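1. Sequence and predicted structure are below.
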Amino acid sequence: MIVEAGRAAIFQAANTGLTGGSTPWGDDYDREIVLVSVMRLKGVHLIEEGRQVCCLPGATLDSLEKLLRPLGREPHSVIGSSCIGASVLGGVCNNSGGSLIQRGPAYTEMTLFAEVREDGSVALVNHLGFDLGEDPEELLSRVERGDLPAPQPSNAWASDREYASHVRDVDADTPARFNAHPRRLREASGCAGKLAVFAVRLDTFAAETETAVFYVGTNDPAELTEIRRHVLASFETLPIAAEYLHREAYDVAAKYGKDTFLFIQKAGTDRMPAFFSAKARRRADRAPEARRHGVGQAGAGRRGLTPQHLPARMNGFRDAYEHHLMLKMGGAGVAEAQAYLSVIFPSKTGRCSVARRRRARPRSSTVSRWRAPPTATARSMRARSRTSSRSTSRCVATTATGSSAFRPRSRPRSRRSSITATSSAVFHQDYVVKKGHDCIAVEHEMWKLLDQRGAEYPAEHNVGHLYHAKPALADFYKKLDPTNSLNPGIGQTSKCRHWGCADADVGGHGPRCVPAAAEV
């Protein structure tokens, strides 16, 4: 109906993206835009006793994690390795990665979607691997109800089965993991809204029953690069996750993420989505000025009244070391990491601490790192509103070669930053820009530095409307949506029907389309 009426459509799920990936951008479209929320299409259906799942658009990672927990299984991403409240389909459509090294970015070849073809017709494509008939309405109804027959034999993948081998290539001249990597662009996976996705079929994973977190501190980032290369290339068991935290980010998270840390510590992650929903409702009732300042000041007051929340051992590492690495191992990998790290530490510049645990609530180091970007940085900016104008965030993927991966070399002079990282050196960098500086100019200055280092960005978030889609990604979008009817303008590509106007230049603000007066 939307396409027949000559409009464009943008489908939205739980989050519209840090980069504006599922929102209109500007007023230079050549058609009206229809926003379609899919959050009421909720549902998760277990397949083969939970070894796989079929998720509808409104399914969130939180609900999926709760459903799988009694079965001793986990979804691709879990809270703490991804966004609170994020939708499962959003992760697939954006190739989201979380921080889980063994599993790679969200990926599946088993999907149900609608596409707009070159002649303007709309077709429903069923690649779920179930015989659900040919009638579109009946097919969609059966999926929503969970009326799924036995799976058909198929060679299609429901996760990236090759990622564990791919990430071990530490001598590659390109990063192993970044958003929309050309090796894993396929139909709904990485489509960024250029298809209307109604369901995805995904693998689940056996949860580790016993894990250990190795907390490494050092003043020499070359040591962390050495650890990274050795672990990826030589360990028989890959880490579950690896989290890097710079001292500046540690301080920001400790101060401005304290209240959320205490909430997670006392209530666990299960209650976080409800907490954020209630917070958003309270914030919406406030006046605009109170939203910007009152909430942050009140939170700062509460944080000042609570006792020190981080363990003395962690704070001691903060005082002694600039660079922090949290290496989470499971199963046989615990002994493997213990043997390796006990040989290389203590060194002249570094030290390692280890804590074992069975499955329980997240530990202090993990929660503190997770609270660093970007919320704590935003609070830091509000607290310094007299000297700071705004903050900007990015996630950057680097190669495993050289010793520069853990150095904050992409920070321009006269900028305050907090630097964290996840997985195989996917770095999250949050900057508070001083007043008097153009935030967009700062952003572009940093892009130049990153390009010189051969980095890829954004590494975990969609290109949205802030970043330029590289040729391979732009060609993928055009192939999926030849009439440019769905989410036009993504990646600073054309906003015009049939891709009629030129794409924006790198670093531009999007192409200018001349609206058709009869249709606007």
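-> Structure's in. What do you need?
2. Stretch 489-501: end-to-end distance?
-> 10 Å (Cα to Cα, to the nearest Å).
3. Now that stretch: average pLDDT?
-> For stretch 489-501, the mean pLDDT works out to 93.
4. ditto for stretch 7-17
-> Stretch 7-17 comes out at a mean pLDDT of 84.
5. Stretch 313-323 now?
-> The model assigns stretch 313-323 a mean pLDDT of 88.
6. Can you give me the buried ones in that stretch?
-> Met314, Phe317, Arg318, Tyr321, Glu322, His323 (16 or more other Cβ atoms under 10 Å). (C-beta placed from N, C-alpha, C; glycine too.)
7. As PDB, could you dump the C-alpha coordinates of it?
-> In PDB, the C-alpha atoms belonging to stretch 313-323 read as follows (Å, rounded to 0.1, in the frame of the first residue of the first chain):
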ATOM      1  CA  ARG A 313      41.700  -4.100  44.100                       C
ATOM      2  CA  MET A 314      40.200  -2.600  40.900                       C
ATOM      3  CA  ASN A 315      40.900   1.000  42.100                       C
ATOM      4  CA  GLY A 316      44.400  -0.100  42.900                       C
ATOM      5  CA  PHE A 317      44.800  -1.200  39.300                       C
ATOM      6  CA  ARG A 318      43.400   2.100  38.100                       C
ATOM      7  CA  ASP A 319      46.000   4.100  40.200                       C
ATOM      8  CA  ALA A 320      48.900   1.900  39.000                       C
ATOM      9  CA  TYR A 321      48.000   1.300  35.300                       C
ATOM     10  CA  GLU A 322      46.700   3.400  32.400                       C
ATOM     11  CA  HIS A 323      45.400   0.500  30.300                       C
END
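8. Figure out how far that stretch is from the centre of its chain.
-> Centre-to-centre, stretch 313-323 and its host chain are 27 Å apart (Cα atoms, centre = their mean, to the nearest Å).
9. Over to stretch 44-64?
-> With Cα atoms, centre = their mean, you get 19 Å for stretch 44-64.
10. just stretch 244-264 next, same as before
-> Centroid separation for stretch 244-264 versus its chain: 19 Å, with Cα atoms, centre = their mean.
11. buried sites along that stretch?
-> For stretch 244-264, by 16+ other Cβ under 10 Å, it's 244-250, 252-254, 256-262, 264.
12. Grab the CA positions of that stretch and hand them over as PDB.
-> This file holds the C-alpha atoms of stretch 244-264, laid out as PDB (Å, rounded to 0.1, in the frame of the first residue of the first chain):
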ATOM      1  CA  TYR A 244      39.500  -2.900  27.100                       C
ATOM      2  CA  LEU A 245      39.200   0.200  29.400                       C
ATOM      3  CA  HIS A 246      41.400   3.300  29.400                       C
ATOM      4  CA  ARG A 247      42.000   5.000  32.700                       C
ATOM      5  CA  GLU A 248      40.000   8.100  31.600                       C
ATOM      6  CA  ALA A 249      37.000   5.900  30.800                       C
ATOM      7  CA  TYR A 250      37.400   4.100  34.100                       C
ATOM      8  CA  ASP A 251      37.100   7.400  35.900                       C
ATOM      9  CA  VAL A 252      34.100   8.600  33.900                       C
ATOM     10  CA  ALA A 253      32.300   5.200  34.400                       C
ATOM     11  CA  ALA A 254      33.100   5.200  38.100                       C
ATOM     12  CA  LYS A 255      31.700   8.600  38.800                       C
ATOM     13  CA  TYR A 256      28.900   9.000  36.300                       C
ATOM     14  CA  GLY A 257      27.700   5.400  36.000                       C
ATOM     15  CA  LYS A 258      27.600   4.700  39.700                       C
ATOM     16  CA  ASP A 259      23.900   4.700  40.200                       C
ATOM     17  CA  THR A 260      23.200   2.400  37.300                       C
ATOM     18  CA  PHE A 261      26.100   0.100  38.500                       C
ATOM     19  CA  LEU A 262      24.400  -0.100  41.900                       C
ATOM     20  CA  PHE A 263      21.100  -0.900  40.400                       C
ATOM     21  CA  ILE A 264      22.500  -3.800  38.300                       C
END
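13. So that it lines up with my notes, have the first residue be 9 from now on.
-> With 9 as the first residue, the last one maps to stretch 252-272.
14. pLDDT averaged over it - what is it?
-> The model assigns stretch 252-272 a mean pLDDT of 78.
15. what about the strands in the stretch 359-508 of the chain?
-> Applying DSSP state E, counting those that start in this stretch to the stretch 359-508 of the chain gives strands spanning 396-405, 424-430, 434-442.
16. typed the wrong thing, it's the stretch 159-308 of the chain
-> 204-211, 213-214, 218-226, 249-254.
17. Give me the helices and strands touching the shortest one, please.
-> Here strand 213-214 touches strand 81-82, going by 3 or more Cβ pairs under 8 Å, 6 or more residues apart in numbering; DSSP states H and E.
18. Equivalent analysis for the first one, please.
-> Applying 3+ Cβ pairs under 8 Å, 6+ apart, we find strand 204-211 packed against strand 16-20, strand 60-63, helix 96-101, strand 119-124, helix 144-153.
19. what are the pairing partners of it, and which direction each?
-> strand 60-63 (antiparallel), strand 119-124 (antiparallel) (DSSP bridges).
20. Can I get the last one in CSV? Just the C-alpha atoms.
-> Output of strand 119-124 as CSV, limited to C-alpha atoms (Å, rounded to 0.1, in the frame of the first residue of the first chain):
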residue,chain,number,x,y,z
THR,A,119,14.7,-15.1,7.1
LEU,A,120,11.2,-14.0,6.1
PHE,A,121,11.1,-10.6,4.4
ALA,A,122,9.3,-8.4,1.9
GLU,A,123,11.2,-6.8,-1.0
VAL,A,124,10.4,-4.1,-3.5
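21. how big is the angle separating that strand from helix 144-153?
-> Put simply, strand 119-124 runs at 150 degrees to helix 144-153, going by axes from the mean of the first three to the mean of the last three Cα atoms, to 10 degrees.
22. which outside residues touch the helix or strand following strand 119-124?
-> Using DSSP states H and E, the helix or strand that follows strand 119-124 in sequence is strand 130-134. With contact meaning Cβ atoms under 8 Å, 6 or more residues apart in numbering, strand 130-134 is reached by 11, 119-125, 140, 144, 147-148, 195.
23. And those, which two are furthest apart?
-> Maximum pairwise distance among the contacts of strand 130-134 (Cβ to Cβ): 23.2 Å, between Val11 and Leu140.
24. circling back: the strands paired with strand 204-211: which one's closest to Val239?
-> Nearest of these (Cβ to Cβ): strand 60-63, 29.4 Å.
25. ok, residues contacting that closest one?
-> With Cβ under 8 Å, 6+ apart, strand 60-63 has contacts from 51-55, 72, 75-76, 83, 96-97, 136, 151, 154, 156, 166, 207-212.
26. Just the buried residues out of these, in ChimeraX syntax.
-> To isolate the buried ones among the contacts of strand 60-63 in ChimeraX, judged by 16+ other Cβ under 10 Å, type:
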select :51,52,53,54,55,72,75,76,83,96,97,136,151,156,166,207,208,209,210,211,212
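27. Among the strands paired with strand 204-211, single out whichever gets nearest to Arg111.
-> strand 60-63 (14.1 Å).
28. Tell me which helix or strand comes right after that closest one.
-> Following strand 60-63 toward the C-terminus (DSSP H and E): helix 69-76.
29. got the CA coordinates for that next one in PDB?
-> The C-alpha trace of helix 69-76 is given here as PDB (Å, rounded to 0.1, in the frame of the first residue of the first chain):
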ATOM      1  CA  LEU A  69      17.400  -9.600  23.400                       C
ATOM      2  CA  ASP A  70      16.200  -9.300  27.000                       C
ATOM      3  CA  SER A  71      13.100 -11.500  26.400                       C
ATOM      4  CA  LEU A  72      15.100 -14.000  24.300                       C
ATOM      5  CA  GLU A  73      17.700 -14.300  27.000                       C
ATOM      6  CA  LYS A  74      15.100 -15.000  29.700                       C
ATOM      7  CA  LEU A  75      13.400 -17.600  27.500                       C
ATOM      8  CA  LEU A  76      16.600 -19.500  26.900                       C
END
